[in-house]
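S.K.: This is a predicted model, with the sequence first.
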Amino acid sequence: MAKTIYKKKIKNGKEYYFHRLRHENLENPKDIYAKTVKELESKIKQIKYDLEHEIVNNKECFETFFTDWLFDVHFGHLKPSTKENYEGVFRMYIKNSSLSKIKVKDLKLIDVQKFYNNLVSNNCTIIRIKNIHKIIRPFVRYLYDNNIIIKDFSKAIILPKEDEKTKLARGNKIIPFTLEEEKTFLAAIKGHDSEMLFVTALYSGLRQGELFALTWDDINFENAYIDVNKTYRYIADVSRDGRSSGYNLIQTPKTHKSIRKVPIPQFLIKMLLQYRNEQRLQKIKYADVYKDNNLVFCNDLGAYLVDSTIGRQYKIILKNNNIPVRKFHDMRHTFATRLFELGEEPKTVQELLGHSTVSITLNTYTHVLESVKEKAISKLDELHAILK
């Protein structure tokens with residue numbers, strides 16, 4: 001057996017190799033135990049490294065520390081809607097996960113990588129994993145910045161990638177109305193309680209939350225545009241104990257580009273003026289109970305619309321008129337598609353939709369632009385036939 005400078009010591013009835021470490025960053029000597037010399041030397045090396053790099057000897061587990069960080073630190077600068085989203089991600093995927101019982105000071109790249117790989121194995125979508133990473137990544141940086149882990153490995157984490165088949169399937173979720181379907185839909189909603197909401201969605205490209213938040217002050221009838229400056233969402237308060245009852249939330253749009261002026265056609269201006277007159281009569285009819293929030297789109301008593309109610313109405317109309325089911329958001333995609341078909345430039349469409357960059361617009365409507373290009377080339381055939 002090779003000689004060693006380390007002595008053996010009995011602890012809890014078992015024999016261990018022992019070393020008493022003295023260090024300038026230790027107030028008192030630290031006793032270190034291990035079953036083998038190799039293990040003991042590894043522990044000594046790690047502890048010395050931590051001391052010299054001021055690594056905090058935090059014994060808390062990942063889940064406890066992460067919970068405190070998320071609700072007491074990270075949530076301090078986030079919008080309520082983002083908090084609600086992140087709380088759901090935490091509760092569904094991070095709480096009681098494979099990371100939960102790991103001590104934060106021992107957290108390694110491989111732990112997080114295995115966590116993501118297991119999510120993939122359990123059919124978690126790539127988009128969902130990217131959302132999870134949005135809170136895991138800043139947490140790792142926080143641990144590093146506070147000397148709890150030795151290395152910031154957040155940039156080294158490899159996120160899974162979508163294969164072409166999955167990416168294609170996700171892309172096909174954008175289903176604008178064809179011209180024939182749009183014509184059928186517009187005929188079907190004549191006289192419907194939500195007719196004006198649906199028509200405005202189709203001819204302005206506004207998101208549902210932007211439509212629900214619209215007040216009459218936001219519509220400039222003289223210059224024919226809608227001033228988009230806020231969005232609506234029904235949201236729940238969140239805490240480490242879960243979710244409480246919900247409330248109506250008006251907040252600024254997601255990005256600076258989403259704050260925009262959207263020109264609207266004259267026929268829509270005329271319809272909105274008529275609709276405003278009808279709404280005024282509604283206020284008189286229900287004067288005793290009507291709550292005037294100055295909303296363009298509201299229920300019979302002036303309250304904010306409920307997205308699930310509007311969603312049901314929308315799907316019933318589609319089903320009853322043999323139009324393939326799609327999302328409310330596809331009316332926004334229909335607006336963009338019609339603009340491209342009419343030859344509008346991508347930059348203009350980007351500004352009307354409120355996308356932060358033109359690349360988002362181009363990536364979203366790749367399939368539309370391809371069909372537009374094909375039509376443009378076919379026109380060359382028509383031109384050639386004329387010139388012959």
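M.R.: Sure thing, it's come through.

S.K.: leaving aside the residues next to it on the chain, what's closest to Pro265?
M.R.: Tyr203 (6.1 Å; CB to CB, 6 or more residues apart in numbering). Every C-beta, even on glycine, is put in place using the N, C-alpha and C of the backbone.

S.K.: Cross-check the contact I'm expecting between that neighbour and Thr334.
M.R.: No - checked against CB atoms under 8 Å, the pair Tyr203 and Thr334 is beyond contact range at 9.5 Å.

S.K.: any weak-confidence spans in the stretch 1-150 of the chain?
M.R.: Residue ranges of the stretch 1-150 of the chain with pLDDT under 70: 1-2, 25-26, 51-58.

S.K.: Now do the helices in it.
M.R.: 37-52, 62-72, 80-89, 109-121, 126-145 (DSSP state H, counting those that start in this stretch).

S.K.: Now do the last one against helix 62-72, angle only.
M.R.: Spelled out, that is helix 126-145. Interaxial angle, helix 126-145 versus helix 62-72 (axes from the mean of the first three to the mean of the last three CA atoms, to 10 degrees): 90 degrees.

S.K.: Who's the closest spatial neighbour of Pro263, skipping the chain neighbours?
M.R.: Tyr225 (4.8 Å).

S.K.: Asp111 versus that neighbour, what's the distance?
M.R.: Counting by CB to CB, to the nearest Å, the gap from Tyr225 to Asp111 is 52 Å.

S.K.: quick one: which of these two has more around it?
M.R.: Set side by side, Tyr225 and Asp111 show more neighbours around Tyr225, with 17 against 14, by other CB atoms under 10 Å.

S.K.: wait, what's in contact with that one?
M.R.: Ile219, Lys261, Val262, Pro263, Ile264 (CB atoms under 8 Å, 6 or more residues apart in numbering).

S.K.: In a markdown table: the residues you listed, plus distance to Arg326 and pLDDT.
M.R.: Converted to a markdown table, the contacts of Tyr225 look like this (distance: CB to CB, whole Å; pLDDT from 0 to 100):
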| residue | distance to Arg326 | pLDDT |
| --- | --- | --- |
| Ile219 | 27 | 97 |
| Lys261 | 28 | 96 |
| Val262 | 22 | 96 |
| Pro263 | 26 | 96 |
| Ile264 | 23 | 96 |
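
S.K.: Give me the buried subset of these.
M.R.: Ile219, Val262, Ile264 (16 or more other CB atoms under 10 Å).
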